[in-house]
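# how would this look folded up:
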Amino acid sequence: MYMVRMVYVSTPVEEVDSDVLESILGTAHINNTEHDLTGMLVFDEQHYLQVIEGRRAEVSQLLGNLYKDSRHKDLLVLGFDCISQRQFPDWSMQFVPVADVTRHVLLRHGVSSKFEPYNFCKDSALAFMVELLARQQLLASQQALAA
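Coordinates of the predicted model:
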């Protein structure tokens with residue numbers, strides 16, 4: 001059984017409001033749990049940047065479904081690689097809005113202080129998302145301690 005990681009970017013065809021985004025995330029959570037897929041989605045109302053991890057057959061099937069999905073366009077796969085372990089093992093679909101991303105995080109991993117995911121290479125996109133995951137986990141632990 002091969003495990004793979006896919007990183008891709010795409011653009012929504014229509015405006016995505018909070019209800020649409022919640023629906024996308026809810027469906028992703030259900031489907032990803034069912035197919036043992038994990039990952040993270042970063043979204044800024046203009047672009048999706050997503051990493052998906054799982055068995056090769058399931059990730060390949062998802063990729064085919066994404067290409068057929070008329071809700072987005074300009075899908076660009078930044079990377080599709082075999083992996084020995086998951087980077088996002090505990091997240092059926094972690095979500096980070098770009099509003100929560102600081103300028104210095106973007107500058108460290110991107111080419112500007114603006115979220116322009118089509119300019120990422122696979123490695124910089126993955127490093128960006130791993131840092132976001134670490135920041136999300138730190139915030140969650142700080143909130144738990146404060147409660």
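# for stretch 120-134, the distance to its chain's centre please.
Chain-centre distance of stretch 120-134: 9 Å, with CA atoms, centre = their mean, to the nearest Å.
# Mind listing what's buried along that stretch?
For stretch 120-134, the neighbour count (16 or more other CB atoms under 10 Å) marks 120, 122, 124-126, 128-129, 132-133 as buried. For glycine as for every other residue, the C-beta is placed from the backbone atoms N, C-alpha and C.
# for stretch 56-67, same thing?
58-59, 62-63, 66.
# ditto for stretch 23-38
So for stretch 23-38, counting by 16+ other CB under 10 Å, buried means 24-25, 28, 32, 35, 37-38.
# Next: stretch 78-87.
Buried residues in stretch 78-87, defined by neighbour count with 16+ other CB under 10 Å: 78-80, 86-87.
# could the residues you listed be laid out in JSON lines, adding distance to residue 96?
Converted to JSON lines, those look like this (distance: CB to CB, whole Å):
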{"residue": "78", "distance to residue 96": "17"}
{"residue": "79", "distance to residue 96": "19"}
{"residue": "80", "distance to residue 96": "22"}
{"residue": "86", "distance to residue 96": "17"}
{"residue": "87", "distance to residue 96": "14"}
